[in-house]
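Participant: Sharing a sequence plus its predicted fold:
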Protein chains: 2
Amino acid sequence: MSDFAPTEARLDVTRGKYPAFPRAPAILVRLIKHLYKEIHDEANAAMRPHGLNHPEYNILMMLYGAPDNTLSPSELAGAAGEKSANVTRLTTQLCEKGYIARAGSEDDRRKVALSLTAEGVALIERFLPDIVTLLQRQTRNLSAGEQAQLEGLLKKMLVGFGE
Amino acid sequence: MSDFAPTEARLDVTRGKYPAFPRAPAILVRLIKHLYKEIHDEANAAMRPHGLNHPEYNILMMLYGAPDNTLSPSELAGAAGEKSANVTRLTTQLCEKGYIARAGSEDDRRKVALSLTAEGVALIERFLPDIVTLLQRQTRNLSAGEQAQLEGLLKKMLVGFGE
DNA sequence: TATTGATATTTCATAAATGAATATTATATT
DNA sequence: AATATAATATTCATTTATGAAATATCAATA
């Protein structure tokens, strides 16, 4: 599932009817959407054998990337790109599975500290080989230089949001 | 919401613990995810005044881009990047709202033809100005050349999926 | 022509995500 | 200090999305 030609053809039809429709931005947005869906689906499939889905994987990885394996729900929401209500649900699930732990924060009693448990870390290190394989497959068509270039352009685009 | 520095910091922590984690691919995937979430949220917000959400918008636009404003559910699923079960639900909703119509196909009676109604076309042309504005804002940090470059790299990456 | 296998779509039960409202604590202002 | 404002998390009702199974049709072939 990676033929983008039909998408371009549809865009041409659209522009025939509505010439103001901006070709390049529309294509970019559609490409990002398609890539994300693929990433999401493949990550879901890769994580299923481990009893997780893509968003849960992400939550765990954000905590794994925190210096002390701990983040607050709002930090986690920003890091994982999830809405806070969803973070509550996801972390509750992960707590029930024993991979993370909840604790109140002392300095700011509004905050909650979400930390990986030893089991959580063990799980992560068990599935990471699969993820490494997946990431490398998903980017195998791009050279190192192209990856760097793409990274720069995506970052630049991202800055334009929410301002 | 567009500061990507914390993401990179987290990736460094991750790589400190698990050096095999590939930096560039991981960053790319996270960037795409963040961009998609922003695109999704902003499109949802932009479409709300028109009584639609982002996936419904997409369905309509895929039909608008079809030569005769008609596609089958499976074509629509591929075009919009939605699962077929979801396409059934979305198109049922849009039918109920009067924007698209369902008809059986004569040559292949398994197929269903989904077509924009006149109302559907009118709706699209009512909201398109908002979308044009949105698309231009979302890509305003990229020059035309950069947009073309980004398009090329994303397409190249997309080819790597599902093979 | 039966039979087998593939394709197209929908149904259904379940899971996942959202927006709005709420409760609680912190911070700023007067 | 009292009050208003902002930030943090959660709850809840609703919407949206998923995977697996079911239904119907077509296409090939034995």
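Facilitator: Noted; the coordinates are in hand.
Participant: Is the longest helix seen in chain A in proximity to DNA strand D?
Facilitator: Among the elements of chain A assigned as helix by DSSP state H, the one spanning the most residues is helix A:23-47. Yes. Remark: helix A:23-47 sits within contact range of DNA strand D at A:40, A:41, A:44, A:45, by CB under 7 Å from any atom of the strand. Heads up, the C-betas are built off the backbone N, CA and C, glycines and all.
Participant: Output those residues as JSON lines; include the columns distance to residue A:64.
Facilitator: Below are the residues of helix A:23-47 next to DNA strand D laid out as JSON lines (distance: CB to CB, whole Å):
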{"residue": "A:40", "distance to residue A:64": "20"}
{"residue": "A:41", "distance to residue A:64": "23"}
{"residue": "A:44", "distance to residue A:64": "19"}
{"residue": "A:45", "distance to residue A:64": "21"}
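Participant: Now do the strands in chain A.
Facilitator: A:70-71, A:100-104, A:112-116 (DSSP state E).
Participant: What subset of the residues of helix A:23-47 next to DNA strand D is buried?
Facilitator: With neighbours counted using 16 or more other CB atoms under 10 Å in any protein chain shown, the residues of helix A:23-47 next to DNA strand D contain these buried positions: A:40, A:41.
Participant: ok now do residue A:147, which residues does it touch?
Facilitator: Taking CB atoms under 8 Å, 6 or more residues apart in numbering or on different chains, we find residue A:147 in contact with A:139, B:24, B:25, B:28.
Participant: Please name the nearest non-neighbouring residue to the second one.
Facilitator: When the adjacent residues along the chain are set aside, residue B:24 lies closest to residue A:147, with 4.2 Å between them (CB to CB, 6 or more residues apart in numbering or on different chains).
Participant: cool, and the first one?
Facilitator: With CB to CB, 6+ apart as the measure, residue B:25 is the residue that lies nearest to residue A:139, at 4.1 Å, once sequence neighbours are left out.
Participant: Just the buried positions in the longest helix of chain A, please.
Facilitator: Buried, per 16+ other CB under 10 Å, within helix A:23-47: A:23-43, A:46-47.
Participant: quick one on the thing from earlier: any idea how far the residue nearest to residue A:139 is from residue B:96?
Facilitator: Separation of residue B:25 from residue B:96 (CB to CB, to the nearest Å): 43 Å.
Participant: hang on, the earlier thing: the longest helix of chain A vs DNA strand C: in contact?
Facilitator: No. Interface with DNA strand C: helix A:23-47 contributes nothing (CB under 7 Å from any atom of the strand), its closest point being 8.3 Å away.
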